[in-house]
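1. sequence isn't available, so here's the structure alone:
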């Protein structure tokens, strides 16, 4: 399995901290956000290499960081402003073409801080043998309007997925962690051609779950959102690492 790390955003809400530096490489405790994620995933022994998808502006920072690890490549998507970004789904398709990937894929946002291990998600997908996502209960209707909302059957199979719905069908949100089988990953180009949304990564799940089985594991811990300078300072002062 390969891991694609979505890191081509510009984190404008964290300016001036991220005006010239990528959010995934910000330190939290003794590690960068990316190192927390990769060190955890490495422990599963299910992922053999990583590709960080960066914009052109931040690619040199990621390339410098990648030299500290043995199995990371950086893919520069060529964009230089927030207004010209490709969007998460097009970035995935770009990286797959550039690296000629034909494998199962773990796709994650590179700016997430977690108190639980992603190894549990990898093991869940390994047992299912299908593409998989995670879900967590979100009580706030305001937040539901801003995320991917998923509807599942009793056996966890995803029935529907909607990005930023005006009228959320459930209170289950989908965080930015996805596992795609090799067969499903091959359909990303087709999804784009058929009009799949390309900005939010969950748009691909919305398209795929109508064509292929996708299952949703309940998220076993917390995901800490670093949306502004205040929340970043709070995470830095309170984060204790993976505890679940």
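-> Looks like it arrived, so ask away. As the structure is a computational prediction, the values presented were derived from the model and not from experiment. Numbering: from 1, shown residues only.
2. for the rest of this, base every contact and every neighbour count on C-alpha atoms.
-> Noted.
3. host element of residue 189?
-> If you go by DSSP states H and E, residue 189 is part of helix 188-193.
4. tell me the mean pLDDT over that helix?
-> Helix 188-193 carries an average pLDDT of 96.
5. outside of it itself, list whatever touches it.
-> 89-90, 93, 198, 204, 207-208 (C-alpha atoms under 8 Å, 6 or more residues apart in numbering).
6. just the residues you listed now: which is nearest residue 155?
-> Nearest to residue 155 among the contacts of helix 188-193: residue 208, at 17.9 Å, using C-alpha to C-alpha.
7. could you measure from the closest one over to residue 138?
-> Separation of residue 208 from residue 138 (C-alpha to C-alpha, to the nearest Å) stands at 23 Å.
8. the more surrounded of these two?
-> residue 208 (23 against 16; other C-alpha atoms under 10 Å).
9. may I have the phi/psi pair for that one?
-> phi -70, psi -40 (degrees, to the nearest 10).
10. which neighbouring elements make contact with the helix or strand hosting residue 50?
-> Assessed by DSSP H and E, residue 50 sits inside strand 49-54. Counting contacts by 3 or more C-alpha pairs under 8 Å, 6 or more residues apart in numbering; DSSP states H and E, strand 49-54 is packed against strand 2-7, strand 72-76, helix 88-99.
11. could you measure from residue 185 over to residue 179?
-> Taken as C-alpha to C-alpha, the span from residue 185 to residue 179 is 9 Å.
12. so what's the residue count around residue 154?
-> Taking other C-alpha under 10 Å as the criterion, the count of residues near residue 154 is 6.
13. quick check: buried residues in the helix holding residue 189?
-> Neighbour-count burial for helix 188-193 flags 188-189, 191-192 (criterion: 16 or more other C-alpha atoms under 10 Å).
14. repeat that for stretch 231-241.
-> Using 16+ other C-alpha under 10 Å as the test for burial, stretch 231-241 gives 232, 235, 241.
15. between these, which is nearest residue 82?
-> When those are ranked by distance to residue 82 (C-alpha to C-alpha), residue 232 comes first, at 20.7 Å.
16. now the residue located most distally from the centre of the chain: phi and psi?
-> Computed with C-alpha atoms, centre = their mean, the residue of the chain farthest from its C-alpha average is residue 154, at 24.9 Å. Main-chain torsions, residue 154, degrees, to the nearest 10: phi -60, psi -30.
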